Structures are given as C-alpha cells and as structure tokens.
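Novice: Just a sequence and a predicted model for now, questions to come.
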Amino acid sequence: MKKVLASLLCALTVLSLCFSAALAVNEDVEGELVIYTSMYPEVIVMMDEALKAEFPNLVPGNDGSFFFQSGTSKLIPKIYGEMGENRDRPLNCDMFMVAEPAFSLEMKDYGYLHSFEVENADTLLRFAYDPDGYWYPVRVCNMVLACNPEKAEAWASKGVTIPRSFRDFAFDPSLKGYISMSDPLTSGTAYAAVVSLLDTYGEEYLDALRANGVMRESGSVAISKLQTGECAAIMILEESVLPYLASGSTNLQVIYPEDGVILIPSTVMIVAEEYSKNCNTEAAEAVARFFLTGDGQALIMKGYMHSVLAGSDAFPEGSVPTDSLVRMDMGVDWNRAYHEREKIRDLWTVKVTQ
C-alpha cells in the first residue's frame, strides 16, 4: 500500500511540475502587444478573452484589447501612412492578421516582417506558407453566394433565377438590379474574389456585373436585403451568413457555387522589431504559434472561419468539410493581386462604378 501511495505521490508531483512548467511558458510572455486585424468585432471579443487567459502577463496595447480592427482595404492605407513616403518608419502595431495574403508578399518585400519558425509546418498546415517564415496562413475565409429560399417562389414568379454559380451571378440577365456584393475598393476579400474571377472569366466579368446593376454594399446591408426580398442573391463571405443560421434568426441559405468557391487563407505576420510598436517579437511569436494550435484553430472555427490545419476534420457550424472546399477552390493568384493592385482597382472603377 505504501508503495502504491508513494508511486501516486510521485506521479502527482510529476504532473504538478509539468503543469507548472506549462503555465510558466505563458506567464513568461510579457510586455504589450497590438495586432492589426480585419476579423469581425464579435470575433475579436472572443479572441481577446482567449489571449488574456492564455497569456496572463501580456498587456493588450489598444485600449484594453490586443486588436485594432478595420477592413483590410482600409487597414492597408493606414499602414502605408504609418510607414511614410519612404517606407522606413515604425508602425503602431506588432502583428498583422489581415484578410488578403497579397499584403504579406508586399510587406515582406518592404522588409517590414520578422521571420519565425513554426515547427513541422510542412505537415501541420494544409495551405502554403512563406518558405522563409515571414507569414503563415492562420484562418480561411470562404467567398460564396447566398439567397433566401423563403423568397424563391416570389423571385420565380418574376422570372428571376437564383444563381448556382459565380458566372450566373454576373451573366444571367434575369438578376439585373437584384444582386449585391462588397466593394473591392474597401474589402480585401472582395478584392481577392475579383482577382480570381478576372483570371477565370476575364474582364467581361466586370462588364457583366455592371450590366446586371450589381450593388456594392456591406455584408450586413446585403443580408438585410436578402431577408426583405430586395436582393435575389449576394456574393458574400460564408462567415457572414453562418452566424445567422446558427442563431435560427433567418432562413438564409449558403450557395457553394458550381464553378467553385474562392478560399482566402488569411495570414499571420509579425512586424520586424525595428518597425514594431512594442519591440516584442518574442511575445508575438508565442501568440502566432498559439493561433496555429488546436485550441487556437478552435477559436477560428468558432468565428465561422475554416481551419488551416492539415488532417483536421472539424469545420465551422453550418458549413461543409474544409477538404471538400479545397477541392473546389477557384484559387487566387496572390502575386497578381499584389503586383497589379492599382491596375485591378482602376479596372473595377472604370468598368463597374463609373
């Protein structure tokens, strides 16, 4: 009996030491941290709570939050302003979690990023990462279509066909005046979608959007118009629709387009120490790695975004398996999205908005 008790006490001691050591890792992460992000505000609230629990001695550097939030296409000009005309000034943040991966390529070229290693990244991640360690995918946004099945009969009576593909969304004349999407001049994910659709269908796609009278609106406005019957279909991020379905407050439907979805594997980046607000790359590395753990990715999926972890069978509530979306991904040429940004923005302005 004494031997059993001794063994038990020894085991408990080992477990206690292991637990203390695990806590000590996180407790050693100190200083302040600010993350520029395009994630939705309600997701940020959840992320803040998790980071405060995981890193109790890390100080949120933005009025009690770790995050400063804005749309990617608004954040990028803000960052340019902070960098200065010569792209040589420090920033007011320490990390980026923005929606458009092309920005990662750009910041790497400017020398504004800190390289770090994620162990076993080749087998850990189902999406590409920077071979030099300057950026890693951390969450997957999914551009889809959506409709309101409760209004289907009403639309059919008007001769309007609910689109089952991105092609039909733009080219079906029955939808004229009844479609909406975010403006790629203000939304990074909408910009990514436009780059993908240009590669698939050419500039005629933009001509067709204009001819079909596409409205450029925020996701919340577009969803409201689906609910009221002002819109027959919208191009939107899946993560914008799924919370409505989970709450049971609406009968909207996600349409996974027959010609493919557009996956946007958004990245996490650490600002190089000489350009960061708090010169705290050690803490930033710990936070970045946490987001690539099972617990961190569970938070991502709770925010209705898809996981970047290879072999994960989990996916956001109300969605479909991530691997099935990967197989139908239309893809985005991120080098084109980076190097032709102004050209594509001008093309959109001329062909759609003017």
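Specialist: Okay, I see it.
Novice: first vs last residue of stretch 302-317, how far apart are they?
Specialist: 8 Å (CA to CA, to the nearest Å).
Novice: Please, which helix or strand holds Pro137?
Specialist: strand 136-147 (DSSP states H and E).
Novice: what distance separates that strand from the centre of its chain?
Specialist: 7 Å (CA atoms, centre = their mean, to the nearest Å).
Novice: Kindly report the same for stretch 166-179.
Specialist: From the chain centre to the centre of stretch 166-179 is a distance of 26 Å (CA atoms, centre = their mean).
Novice: Residues touching it, excluding its own?
Specialist: With contact meaning CB atoms under 8 Å, 6 or more residues apart in numbering, stretch 166-179 is reached by 145, 155, 159-161, 163, 197, 200-201, 205, 208-209, 211-215, 230-235, 257, 259-260, 262, 330. (Each C-beta comes from the backbone N, C-alpha and C, glycine too.)
Novice: For the strand holding Pro137, enumerate the helices and strands it packs against.
Specialist: When contacts are defined as 3 or more CB pairs under 8 Å, 6 or more residues apart in numbering; DSSP states H and E, strand 136-147 packs onto helix 188-201, helix 219-228, strand 233-237, helix 238-247, strand 253-255, strand 262-270, helix 281-291.
Novice: again, 7 Å this time
Specialist: Judged by 3 or more CB pairs under 7 Å, 6 or more residues apart in numbering; DSSP states H and E, strand 136-147 is in contact with helix 188-201, strand 233-237, helix 238-247, strand 253-255, strand 262-270.
Novice: neighbours around Asp259, how many?
Specialist: Asp259 has 15 neighbours, counted by other CB atoms under 10 Å.
Novice: can you check the one 5 residues further on too?
Specialist: The burial metric for Ile264, expressed as a neighbour count using other CB under 10 Å, is 28.
Novice: Just give the nearest non-adjacent residue to it, would you?
Specialist: In this structure, Ile264 finds its nearest non-sequential neighbour in Cys141, 4.2 Å apart by CB to CB, 6 or more residues apart in numbering.
Novice: Next, the contact list for that neighbour, please.
Specialist: Residues in contact with Cys141 (CB atoms under 7 Å, 6 or more residues apart in numbering) are 99, 189, 237, 239, 264, 266, 305.
Novice: One more: Ile344?
Specialist: 194-195.
Novice: so what pLDDT did Leu12 get?
Specialist: Predicted confidence (pLDDT) at Leu12: the value is 33.
Novice: Tell me the first helix or strand C-terminal of the helix or strand encompassing Ile79.
Specialist: Secondary structure from DSSP H and E places Ile79 in helix 72-83. Sequence order places strand 95-97 as the next helix or strand after helix 72-83, per DSSP H and E.
Novice: buried residues in stretch 218-225?
Specialist: Across stretch 218-225, burial judged by 16 or more other CB atoms under 10 Å covers 218-219, 222-223, 225.
Novice: what would those residues look like in TSV with distance to Val350 and pLDDT?
Specialist: What follows is the buried residues of stretch 218-225, written out as TSV (distance: CB to CB, whole Å; pLDDT from 0 to 100):
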residue	distance to Val350	pLDDT
Ser218	23	91
Gly219	25	90
Ala222	23	95
Ile223	29	94
Lys225	26	95
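Novice: I'd like the residues you listed written out as TSV, with distance to Glu32 added.
Specialist: Shown next, in TSV, are those (distance: CB to CB, whole Å):
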residue	distance to Glu32
Ser218	32
Gly219	32
Ala222	37
Ile223	36
Lys225	42
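Novice: Pick the one among those closest to Arg87.
Specialist: Ser218 (30.6 Å; CB to CB).
Novice: Just give the closest residue to that closest one, not the sequence neighbours.
Specialist: Nearest non-adjacent residue to Ser218 (CB to CB, 6+ apart): Ser182, at 6.6 Å.
Novice: what about the one you found, how many residues close to it?
Specialist: 26.
Novice: what's the answer for Thr293, then?
Specialist: Per other CB under 10 Å, the neighbour tally for Thr293 reads 13.
Novice: Now do it, the pLDDT please.
Specialist: Looking at Thr293, its pLDDT is 96.
Novice: Quick check: phi and psi on it?
Specialist: Main-chain dihedrals, Thr293, degrees, to the nearest 10: phi -90, psi 170.
Novice: repeat for Ala99
Specialist: Torsion angles, degrees, to the nearest 10, at Ala99: phi -80, psi -20.
Novice: OK, contacts around it?
Specialist: 38, 72, 141, 188-189, 264, 266.
Novice: After the least confident helix or strand in the chain by mean pLDDT, which helix or strand is next?
Specialist: Using mean pLDDT, DSSP states H and E, helix 2-27 stands out as the lowest-scoring helix or strand of the chain, at a mean of 42. Per DSSP H and E, the first helix or strand lying C-terminal to helix 2-27 is strand 31-33.
Novice: Give the other helices and strands that that following strand contacts.
Specialist: strand 58-60, helix 281-291.
Novice: from the chain's centre, how far out does the next helix or strand after it sit?
Specialist: As assigned by DSSP H and E, the chain's next helix or strand after strand 31-33 is strand 35-37. Chain-centre distance of strand 35-37: 12 Å, with CA atoms, centre = their mean.
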